[in-house]
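Asker: Have a look at this prediction, sequence included:
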Amino acid sequence: MAIYNSGNRPSDGYDTHTHLNDDTFWHDVPAYEARAREFRIVEMNIVGYDAESNERAIQLAREFQDMHAIIGWQPEDISEINDARLAVYRQQLQDDNVIGVGETGLDYYWDDNPSAANQKQAFRQQLALAHEFKLPVTVHTRSAMNDTYDLLKEAHVEEFGGVMHSFTGTPAEAKQFLDLGMYISFSGIATFKNAKDVQETVKSIPLDRLLVETDAPYLAPTPMRGKPNEPMYVHYIIAHIAELLGKTYNEIAEITTENARRLWHLDQQINED
Ligand SMILES: [Zn+2]
């Protein structure tokens, strides 16, 4: 299957959520970056989820011009947050290579996750910092849609922006977050045969709020489902969404890249070097 119109050079794509800071990739980052570039995936957000992965995200963003760091604590790792780590975090948020807060949010799916009360506290804390430093927030939500919405609304996310990452909610749920000014990002789940409901949601998103991501090493898209995921595979997601929406690969690559650059305020830096 052609991934883009034959004869056309693929337009630049942007993987807005990937974990090259994860052990899976850590010792081979240049190779994964080069593979992504072969498919014109020329920009990516390296997303942290705990203190070590945050540090690594910043390190990669310093080293690679096409990588940006988003740092925070995912729900399952919030128990490591303490005053000393928060002090470091505040410093890190002021680093030019850091473009956003996350991934943070609420996950009530796993029984052994921290309590809902503790998760909400950590989410509120990170939202407050996102607000303070005017950094868009990358939000993870699982089995916690209503609480996630309530906290984002309470934090006035419309004043600093954000994205619902790897979104799997209904069109009505998506609309709630869109109404808060947020963007909606789709991962490989949107390419799965049995994810018709997510595909309906994709179709409901205004084009200027749509983002794509791999969430690598998790959630490899069709036809790589079940295999290790990596940033270059975002091209499968772009192609699939293009088909769903009756657009070309390049149209979806261009609009999602433009949306990402707008959300994370990267437009000013486009021709810096
Ligand atoms: Zn993630």
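Answerer: Happy to help now that I have it. Residues are numbered from 1 along each chain as shown.
Asker: What distance do you get for residue 167 to residue 41?
Answerer: 20 Å (Cβ to Cβ, to the nearest Å). Backbone N, C-alpha and C define where each C-beta goes, glycine included.
Asker: nope, residue 99 is what I meant
Answerer: Counting by Cβ to Cβ, the gap from residue 99 to residue 41 is 17 Å.
Asker: Check residue 48 too.
Answerer: In terms of Cβ to Cβ, residue 48 sits 20 Å off from residue 41.
Asker: just residue 194 next, same as before
Answerer: 26 Å.
Asker: try residue 179
Answerer: Here residue 179 is placed at a distance of 30 Å from residue 41 (Cβ to Cβ).
Asker: and the two? which has more neighbours close in?
Answerer: Neighbours were counted for residue 179 and for residue 41 using other Cβ atoms under 10 Å; residue 41 has more, 28 against 11.
Asker: Isn't the more buried one up against residue 13?
Answerer: Yes: using Cβ atoms under 8 Å, residue 41 is in contact with residue 13, at 4.5 Å.
Asker: Mutual contacts of these two, please.
Answerer: 234, 235 (Cβ atoms under 8 Å, 6 or more residues apart in numbering).
Asker: mind checking the SS state of residue 146?
Answerer: helix (DSSP: H, G, I helix; E, B strand; the rest coil).
Asker: From here on, call the first residue 817.
Answerer: Okay, using 817 as the starting number, the last item reads as residue 962.
Asker: What is the burial count for it?
Answerer: 11.
Asker: Please name the residues that touch it.
Answerer: With Cβ under 8 Å, 6+ apart as the criterion, no residue contacts residue 962.
Asker: Quick one, grab the pLDDT at it.
Answerer: pLDDT, residue 962: 98.
Asker: so where do the strands sit in this structure?
Answerer: Assigned by DSSP state E, the chain shows strands spanning 829-834, 857-863, 883-887, 914-923, 953-958, 978-980, 999-1002, 1026-1028.
Asker: Rebuild these as TSV, extending it with mean pLDDT.
Answerer: What follows is the strands of the chain, written out as TSV (pLDDT from 0 to 100):
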stretch	mean pLDDT
strand 829-834	98
strand 857-863	97
strand 883-887	98
strand 914-923	98
strand 953-958	98
strand 978-980	98
strand 999-1002	98
strand 1026-1028	98
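Asker: and residue 907, which of those is closest to it?
Answerer: Nearest to residue 907, of all the strands of the chain, is strand 914-923, at 10.0 Å by Cβ to Cβ.
Asker: chain center to the closest one, what's the gap?
Answerer: Relative to its chain's centre, strand 914-923 lies at 9 Å (Cα atoms, centre = their mean, to the nearest Å).
Asker: Packing partners of that strand?
Answerer: With contacts defined as 3 or more Cβ pairs under 8 Å, 6 or more residues apart in numbering; DSSP states H and E, the packing partners of strand 914-923 are strand 857-863, strand 883-887, helix 932-949, strand 953-958, helix 961-970.
Asker: That one to strand 953-958, inter-axis angle?
Answerer: 20 degrees (axes from the mean of the first three to the mean of the last three Cα atoms, to 10 degrees).
Asker: what is the orientation angle of strand 914-923 with helix 932-949?
Answerer: Put simply, strand 914-923 runs at 160 degrees to helix 932-949, going by the same axes, to 10 degrees.
Asker: Counting neighbours, what do you get for residue 994?
Answerer: Using other Cβ under 10 Å, the number of residues around residue 994 comes to 17.
Asker: so what's it up against?
Answerer: With Cβ under 8 Å, 6+ apart, residue 994 has these contacts: 1000, 1021, 1022, 1025.
Asker: could those be laid out in TSV, adding distance to residue 969?
Answerer: Formatted as TSV, the contacts of residue 994 follow (distance: Cβ to Cβ, whole Å):
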residue	distance to residue 969
1000	16
1021	19
1022	19
1025	17
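Asker: Inside helices: which ones of these?
Answerer: Assigned to helices by DSSP state H, none of those qualify.
Asker: Tell me which two in the residues you listed are the farthest apart.
Answerer: By the measure Cβ to Cβ, the contacts of residue 994 have their two most distant members at 1000 and 1022, which lie 9.2 Å apart.
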